[in-house]
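*Asks:* Here is the input, now give the coordinates:
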Amino acid sequence: MSVIMNFIAEFKRVMLDGARFDLILVGLKNTFIITLGALAIGIIIGIVVAAVRTSFDKNKESMKLRGGVGYYVLAFFNAVCKFYLTVTRGTPVVVQLMICYFVIFALADDGIPVAIFAFGFNSGAYVAEIFRAGIMSVDNGQFEAGRSLGFNYFQTMRYIVIPQMFKAVLPTLCNEFIALLKETSVAGYVGVTDLTKAGNTIAGRMYSYFIPLLTVAVIYLVMVLILSSLVGKLERRLRKSER
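*Replies:* From the prediction side, this is the model:
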């Protein structure tokens, strides 16, 4: 009992006295802002990259036979997308974050927009592969059905394939959101007061690392458990709708 009382007293001294827990709330808010902003950018990049990659994979033979400049334009953009995927997935996100902050946006005075861009740029590569796998999983008969309705390739993608793709990849996309939430814990490298940085700041001020970092870990764990539970419910609902 005394151990619990001592822990409560130490938690109050380290986290609550002096309104230090407010810093945790600020960090939590910034973590959500970065995560949601990065996910939005990642989805936009992912859709574009996946569309280019799948369009090239599905049409390269017919376009090559027809000839013309269209094949070479699409091949060029496909090569650019492959280069982006290789570089982005082959380098650590913290390195990409620091390059964005200290090199590309060296004049920026606010690290949050830079962090949103950096994490969104990184997430886009993984989202693109999720979308590409979803598009490739759609039966070719769906493309033929679109053509029989008089749709061109892009109309078929927009009205028939992409809606089915989103349903197939939604649980995986939600898991990417959970992974992105945890990845933002390195945003403190560029001076952003995210949740982890807030815990480190309190620990440095109070010369006590156990309680601040434990608090941060518990908050992350609770958020991940809640999101994982929501993803599980979403997967069960999608399975029921398929029946």
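*Asks:* can we go C-alpha only for contacts and neighbour counts from here?
*Replies:* Will do.
*Asks:* residue ranges with poor pLDDT in this structure?
*Replies:* 1, 67, 238, 240-243 (pLDDT under 70).
*Asks:* Where do the helices of the chain begin and end?
*Replies:* 2-11, 21-66, 69-90, 93-99, 111-137, 140-148, 153-156, 162-183, 195-206, 210-242 (DSSP state H).
*Asks:* Please identify the deepest-packed of the ones you listed.
*Replies:* Ranked by mean neighbour count, the helices of the chain are led by helix 111-137 with a mean of 23 (mean count of other C-alpha atoms under 10 Å).
*Asks:* Counting by contacts, list what that helix packs against.
*Replies:* helix 21-66, helix 69-90, helix 93-99, helix 162-183 (3 or more C-alpha pairs under 8 Å, 6 or more residues apart in numbering; DSSP states H and E).
*Asks:* Adding distance to L225, write those helices out as TSV.
*Replies:* Formatted as TSV, the helices and strands packed on helix 111-137 follow (distance: least, C-alpha to C-alpha, whole Å):
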stretch	distance to L225
helix 21-66	16
helix 69-90	26
helix 93-99	24
helix 162-183	10
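*Asks:* of all the ones you listed, which lies closest to D139?
*Replies:* helix 162-183 (10.1 Å; C-alpha to C-alpha).
*Asks:* who touches that closest one?
*Replies:* Residues outside helix 162-183 that contact it (C-alpha atoms under 8 Å, 6 or more residues apart in numbering) are 31-32, 35, 39, 119, 123, 126-127, 130-131, 134-135, 137-138, 220, 224, 227-228, 231, 234-235, 238.
*Asks:* picking that back up, among the helices and strands packed on helix 111-137, which is nearest F210?
*Replies:* helix 21-66 (14.8 Å).
*Asks:* any idea how far that closest one is from the chain center?
*Replies:* 7 Å (C-alpha atoms, centre = their mean, to the nearest Å).
*Asks:* what's it packed up against?
*Replies:* helix 69-90, helix 111-137, helix 162-183, helix 195-206.
*Asks:* Those into JSON lines, with extra columns for distance to S148?
*Replies:* Shown next, in JSON lines, are the helices and strands packed on helix 21-66 (distance: least, C-alpha to C-alpha, whole Å):
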{"stretch": "helix 69-90", "distance to S148": "23"}
{"stretch": "helix 111-137", "distance to S148": "19"}
{"stretch": "helix 162-183", "distance to S148": "18"}
{"stretch": "helix 195-206", "distance to S148": "53"}
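*Asks:* Those helices: which one's closest to M5?
*Replies:* Across the helices and strands packed on helix 21-66, closest to M5 is helix 195-206 (C-alpha to C-alpha), at 19.4 Å.
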